[in-house]
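> Sequence first, predicted coordinates after that:
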Amino acid sequence: MASSIIRGRHVVCRVDPAGRPVIVDDGAVFQRDGRIVEIGPFADISRKHEADPTIGSGDDVVLPGLVNSHHHLGITPFQHGVPDLPLELWLAARIGMRDVDPYLDTLYSAFEMIASGVTTVQHLHGRGPPPLARMHASAKAVIRAYEAIGMRASYSYGIRDQNRLVYGDDDAFAASLPPVLGDRFRAWLREQIIPVDDCIALFETLHAEYRSSERIRIQLAPVNLQWCSDQTLARIRDLAERHDVPIHMHLLETPYQKDYAAQRTGGIGAVVHLDRLGMLGPRLTLGHAVWVTENEIGRLAETGTCVCHNCSSNIRLQSGKAPIDALLAAGVPVAIGIDEAGINDDRDMIQEMRLVASAHRMPGHSRTGPGAAETLRMATEYGARTTPFGAHIGTLEPGRAADMAVVPMRAFAEPYLDESVPIVDAVLQRTRRGGVSTVIVAGEVVYDHGRFTRVDRDAVLAELSAALRQPLSDAERARRETSASLMPHVRKFYEGYGPVS
Ligand SMILES: [Zn+2]
């Protein structure tokens, strides 16, 4: 029974190295037990495998499942009352966010991701509270949500061991505050201090627990250079090598991070510093990488290091414009991450791709910015490379996982679309929220015309909403006050940091 045919007027299999989409018109994919067996003309596939159910029709486009390569949370910071601010101030405002059940929270964003064609997510978990037993329970709740809905997920727990609020020593910052606020900051800090040994134990436990899972994998995430000592980075590098898992690390997201890196490294910069630590290579993905220089891009390309482009986040938090054309031209695999929330404050991956394909066009008559097909490659094959699933997903080819999104032509071609419009361009430019009809993960339909096949979306959202209608707890109220009181001091801390050009 575990086989099916997925049919489309256009089956978009992958994007070739020259940037051209490889498309089978009037095509079909035959999958068995979650693996693609054969792709070809629908007439041939249906004759050979006529007993199998057919998903999709001659009026659909079939795409490889999309990969959201950088994700953290369900209820967005904006929904929590945190306005868009420059990243460093926004981090201080986030202290006031509420406690949300991690299982329901994860399902909430999974609904949005899947409905926009995402089959795989890189979940970078940053808020599981200590001690280790609670961190483990929180991690399991996140993972259980993906298992429940049927989504493929690469999970990591963020590791940090210093500079937990500003890009400077915690105790020195506490000492710079008025005494009462200093005590409140220290109380908040106590919840943030997690021994690296515990983070490593959590990774090793989870890695062993999900070793044989088809849809869940575990990897590593040192959060960013300013939040990790060299000693911790070296431990993570060795751990990744020993277990052969990828590392996802935020880097050079803002000019302030670039300034910090210059100070810490005596001017050599974050990328060369990581290179000297032996961290660059295909196993490492740099999240954001907005402020990488031309020389650094060259080194990323030489070493096969990946980058994850978080376009909406870079715009909303005033981080800057990542050099996407230069990265792609140098041959760096660039994935796409919606990060906390996209430009519409939701997790619409096709919207994010549309933004990526539009945001890097520069004045002048030459074409700049990735085209539609290149953007699709970023959101599929390159995204896959940044996860432990690697070449198991990301394109539609025999032997790979049967992860697909089906988009009816009516979602983008009504009432008229000229035949000359390339199909991938049309899907990216015109498909809106709700345009994806069917999502398949490992051969299983997890989303079917607005309905999640395994989870009752309305019931989950009602439970989440009821929980958040409760008044703020004492702890939540205290955090909100701490956050508001800290804000002017955080602003002041960065007065000594000048944006670098
Ligand atoms: Zn992030």
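Okay, I see it.

> The stretch 1-150 of the chain: strands as residue ranges?
Under the criterion DSSP state E, counting those that start in this stretch, the stretch 1-150 of the chain contains strands at 3-15, 21-32, 35-41, 54-56, 60-64, 66-71, 118-125.

> for the stretch 251-400 of the chain, same thing?
Using DSSP E, counting those that start in this stretch, strands in the stretch 251-400 of the chain cover 284-288, 306-309, 334-336.

> roughly how far out does the second one sit from the chain middle?
Pointing back at strand 306-309 there. Relative to its parent chain, strand 306-309 has a centroid offset of 10 Å by CA atoms, centre = their mean, to the nearest Å.

> what sits against the residue minimising distance to the centre of the chain?
Central residue of the chain (CA atoms, centre = their mean): residue 70, 1.6 Å from the mean position. Under the criterion of CB atoms under 8 Å, 6 or more residues apart in numbering, the neighbours of residue 70 are 122, 124, 248, 287, 308, 310, 335, 337, 338, 339. C-beta coordinates here come from the backbone N, C-alpha and C atoms, glycine included.

> Between those, which sits nearest residue 479?
Residue 479 lies nearest to residue 124 out of the contacts of residue 70, by CB to CB, at 21.4 Å.

> partner residues bridging the closest one?
residue 156 (DSSP bridges).

> how far away is it from residue 209?
19 Å (CB to CB, to the nearest Å).

> Pick out whichever of those two has more residues nearby.
Neighbour count, other CB atoms under 10 Å: between residue 124 and residue 209, residue 124 has more, with 25 against 15.

> State the distance from the more buried one to residue 364.
Using CB to CB, residue 124 is found at 36 Å from residue 364.

> Reformat the strands of the stretch 1-150 of the chain into TSV and put mean pLDDT and distance to residue 241 next to each item.
TSV is the format used below for the strands of the stretch 1-150 of the chain (pLDDT from 0 to 100; distance: least, CB to CB, whole Å):
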stretch	mean pLDDT	distance to residue 241
strand 3-15	97	29
strand 21-32	98	34
strand 35-41	97	29
strand 54-56	94	41
strand 60-64	98	29
strand 66-71	98	21
strand 118-125	98	20
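
> Which stretch among the ones you listed approaches residue 205 most closely?
strand 118-125 (14.1 Å).

> That closest one versus strand 60-64: what angle between them?
40 degrees (axes from the mean of the first three to the mean of the last three CA atoms, to 10 degrees).

> Strand 118-125 packs against which elements?
strand 66-71, helix 102-115, helix 132-149, strand 152-159, helix 383-385, strand 404-408, strand 438-441 (3 or more CB pairs under 8 Å, 6 or more residues apart in numbering; DSSP states H and E).

> Adding distance to residue 242 as columns, could you present the ones you listed in JSON lines?
Output for these, formatted as JSON lines (distance: least, CB to CB, whole Å):
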{"stretch": "strand 66-71", "distance to residue 242": "24"}
{"stretch": "helix 102-115", "distance to residue 242": "28"}
{"stretch": "helix 132-149", "distance to residue 242": "20"}
{"stretch": "strand 152-159", "distance to residue 242": "16"}
{"stretch": "helix 383-385", "distance to residue 242": "20"}
{"stretch": "strand 404-408", "distance to residue 242": "34"}
{"stretch": "strand 438-441", "distance to residue 242": "29"}
